[in-house]
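Asks: Sequence and predicted structure below; questions after.
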Amino acid sequence: CHHSEKTSQQWLALDYAGVSVGMLGCYVPGVFYAFYCAEYWRQVYLVTVLAMIFVMFLTQIHPQYASQHCHKLRILLFCFIAAYGLIPTVHWIFQNGGIGEPVVKVFAPRVGVMYLLASLAFLFYYSKVPERYFPGGYLNYFGCSHQWWHFLVVLMFYWWHQTAVHIMHYRHEQPCLKITK
């Protein structure tokens with residue numbers, strides 16, 4: 001589909017940058033509202049996430065980043081930054097009294113669905129299914145793993161947007177009873 005390797009690499013770099021911005025867009029509202037009543041932890045997690053995304057952007061501007069040579073590095077960086085979100089999630093669950101608490105019962109499954117969608121997207125990205133088993137032809141234009149990956153990532157971002165709106169309304173309706181550190 002691409003007539004120029006350079007053009008292909010530029011579009012791929014833009015693709016990676018878009019995913020990084022999307023990851024930031026997932027973290028910021030999630031952390032902000034999860035730790036709405038715990039300013040210290042909100043700041044710790046937000047600064048940490050911003051630093052990780054900044055490092056991701058710095059690596060993305062390196063000329064070799066989009067090459068096949070750095071394929072495993074790209075996967076490790078994205079997986080590490082995504083997996084990091086489990087730390088504030090577990091912290092939030094404990095901070096709110098554990099799995100049995102109503103607020104946790106509402107929002108923890110939504111985090112789980114987000115990670116499920118992200119995992120499915122990654123599975124398509126990494127495995128190159130279905131074109132691995134059906135190379136060439138129709139799948140070069142419609143239904144390839146990269147398109148499934150994009151579909152699932154957009155679905156995940158939409159799901160997380162709805163979750164962020166839901167938790168925002170919850171936090172604005174529920175006053176902070178005590179400030180916890």
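Replies: Okay, I see it. Numbers count the residues shown, from 1 in each chain.
Asks: helix/strand/coil for Pro175?
Replies: Three-state assignment for Pro175 (DSSP: H, G, I helix; E, B strand; the rest coil): coil.
Asks: can you tell me the helix or strand for the residue nearest the centre of the chain?
Replies: Closest residue to the average C-alpha location of the chain: Met23 at 3.9 Å, with Cα atoms, centre = their mean. In the assignment (DSSP states H and E), Met23 maps to helix 5-34.
Asks: So for that helix, mean pLDDT?
Replies: On average, the pLDDT along helix 5-34 is 90.
Asks: so after it, what's the next helix or strand?
Replies: According to DSSP H and E, the helix or strand after helix 5-34 is helix 39-60.
Asks: relative to helix 5-34, how tilted is that next one?
Replies: 180 degrees (axes from the mean of the first three to the mean of the last three Cα atoms, to 10 degrees).
Asks: next SSE after helix 39-60?
Replies: helix 71-84.
Asks: Show me what that following helix is packed against.
Replies: With contacts defined as 3 or more Cβ pairs under 8 Å, 6 or more residues apart in numbering; DSSP states H and E, the packing partners of helix 71-84 are helix 5-34, helix 39-60, helix 102-127. Just so you know, the C-beta spots here come from the backbone N, C-alpha and C atoms, and that holds for glycine as well.
Asks: For this protein, which residues score under the pLDDT cut-off?
Replies: Within the chain, the stretches with pLDDT under 70 are 1-2, 178-181.
Asks: and the spatially closest residue to Ser67 that is not a sequence neighbour, how many neighbours?
Replies: Once flanking residues are discounted, Ser67 sits nearest to Gln9: 7.9 Å by Cβ to Cβ, 6 or more residues apart in numbering. When neighbours are counted by other Cβ atoms under 10 Å, Gln9 registers 15.
Asks: How about Lys6?
Replies: Lys6 has 8 nearby residues by other Cβ under 10 Å.
Asks: This completes my enquiry, with thanks.
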